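Peer 1: give me the fold of what follows.
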Amino acid sequence: MFASIAFVVWRESVEALLVIGILDAWLVGRSIDTRRARGFLWGGAIAGLGVAAVLAALLLWLGEAVSDETQTIYQTVIALLAAALILQMVFWMRRHGRSMRSELEGSMNRAVTAGSWWGVFTLALIAVAREGSETVVFIYGILSAGVLGSLTAGLLAGLTGFGLAAITYALLMTGSRVISWRLFFRISEIVLLFLACGLLMTGVDGLINLDILPRLSRALWNTNFLLSDGTTAGGFFASMTGYRARPNLMELIGFCSYWIVVLAVIYRPRKNSLSATAPR
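Peer 2: Numbers count the residues shown, from 1 in each chain. Down below sits the predicted model:
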């Protein structure tokens, strides 16, 4: 769980730093009151963190307030929601990643042209609140998949992820040959897709335990001799990939369906490619 949480915080923090960095660089390059503009920009970023903190408190409160049986349903829903959000984020970045900078700068230009510093504040707030809220849901979903040693360990994992994000962002901004933006997004995309699969399988297991989905069969095979998902290493691998040592048919259907859909979306022909090759 420690590594999963650290990775999620690392990935989302780098993206949030990227957005704020793009907006800050745009402000510096304009003949405006940069100090005042930055005040609204970073004020919006802090407010966005506040929104994420409120969401975290709300999720924790709901988790403690519900009964044991309802908590199982609640955690299952959160795990499935986290998986869906990860997929949505990955697919969105694949579609808009290249144009993200121009879109952000366009929004910033409209806000400044209109003389609305609150527009700058709102843009930063929305960007950070989105990344922060996604991170909160992801982490809660990961925690629903297993047990982290303590709250202190969870906070340490988050701080580790943020520290690594700051280092990664610095390397990316200095044009490091070790890592590029393209490599960063490609590697993190692959890991996120596996993590989403792990969360989906947690949700499927939850639905089976709640008798909402049938097992359809007993264990189809047993690979405990290779890697047991009941051990520390096996449990980590299972949470990160959706691996099951003794899967039933419903789990196998869920796992295969997930990757069929993901690969179909990733490798489907783009409209511009089709139009370019269409006969005239």
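
Peer 1: for the longest helix along the chain, name the packing helices and strands.
Peer 2: Looking across the chain with DSSP state H, the single longest helix is helix 34-65. Helix 34-65 sits against helix 2-28, helix 68-96, helix 117-144, with contacts defined as 3 or more Cβ pairs under 8 Å, 6 or more residues apart in numbering; DSSP states H and E. Any C-beta I mention is one placed from the backbone N, CA and C, and that applies to glycine too.

Peer 1: closest one to Ala166 among these?
Peer 2: helix 2-28 (7.4 Å; Cβ to Cβ).

Peer 1: all helices for the stretch 101-250 of the chain, in order.
Peer 2: Taking DSSP state H, counting those that start in this stretch as the test, the helices found in the stretch 101-250 of the chain are 117-144, 151-173, 181-209, 232-241, 249-267.

Peer 1: between the helices and strands packed on helix 34-65, which gets nearest to Leu41?
Peer 2: helix 117-144 (5.0 Å).

Peer 1: of the helices of the stretch 101-250 of the chain, which is nearest Ile73?
Peer 2: helix 181-209 (7.8 Å).

Peer 1: now do the closest one against helix 68-96: the angle between them, please.
Peer 2: Angle of helix 181-209 versus helix 68-96, following axes from the mean of the first three to the mean of the last three Cα atoms, to 10 degrees, is 150 degrees.

Peer 1: quick check: buried residues in the longest helix of the chain?
Peer 2: 37, 40-45, 47-49, 51-52, 55-56, 59, 63 (16 or more other Cβ atoms under 10 Å).

Peer 1: out of those, which comes closest to Arg95?
Peer 2: Once Cβ to Cβ is applied, the member of the buried residues of helix 34-65 that ends up nearest Arg95 is Gly48, at 22.9 Å.

Peer 1: right, and the closest one touches Phe121 too?
Peer 2: No. Using Cβ atoms under 8 Å, Gly48 is not in contact with Phe121, being 9.9 Å away.

Peer 1: and the pLDDT at the closest residue to Val77 other than its chain neighbours?
Peer 2: In this structure, Val77 finds its nearest non-sequential neighbour in Gly203, 7.8 Å apart by Cβ to Cβ, 6 or more residues apart in numbering. The per-residue pLDDT reported for Gly203 equals 93.

Peer 1: state the distance from Gly203 to Trp92.
Peer 2: 21 Å (Cβ to Cβ, to the nearest Å).

Peer 1: circling back to that earlier point, pipe the helices and strands packed on helix 34-65 into CSV and attach distance to Leu155 per row.
Peer 2: Listed next are the helices and strands packed on helix 34-65 as CSV, based on distance: least, Cβ to Cβ, whole Å:
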stretch, distance to Leu155
helix 2-28, 9
helix 68-96, 19
helix 117-144, 11
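
Peer 1: would TSV of the ones you listed with mean neighbour count, mean pLDDT and distance to Arg218 be doable?
Peer 2: TSV is the format used below for those (neighbours: other Cβ atoms under 10 Å; pLDDT from 0 to 100; distance: least, Cβ to Cβ, whole Å):
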stretch	mean neighbour count	mean pLDDT	distance to Arg218
helix 2-28	21	84	29
helix 68-96	17	87	22
helix 117-144	22	84	25
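
Peer 1: need the contact list for the closest residue to Leu125 other than its chain neighbours.
Peer 2: With sequence-adjacent residues excluded and distances taken as Cβ to Cβ, 6+ apart, Leu125 is closest to Gly44, at 4.0 Å. By Cβ atoms under 8 Å, 6 or more residues apart in numbering, the residues touching Gly44 are 120-125, 128.

Peer 1: Gly44 and Asp211: what is the separation?
Peer 2: 46 Å.

Peer 1: check Arg95 too.
Peer 2: 38 Å.

Peer 1: could you do Arg94 as well?
Peer 2: Counting by Cβ to Cβ - Arg94 and Asp211 are separated by 37 Å.

Peer 1: burial count for Ser239?
Peer 2: Using other Cβ atoms under 10 Å, Ser239 has 22 other residues around it.

Peer 1: alright, I will stop here.
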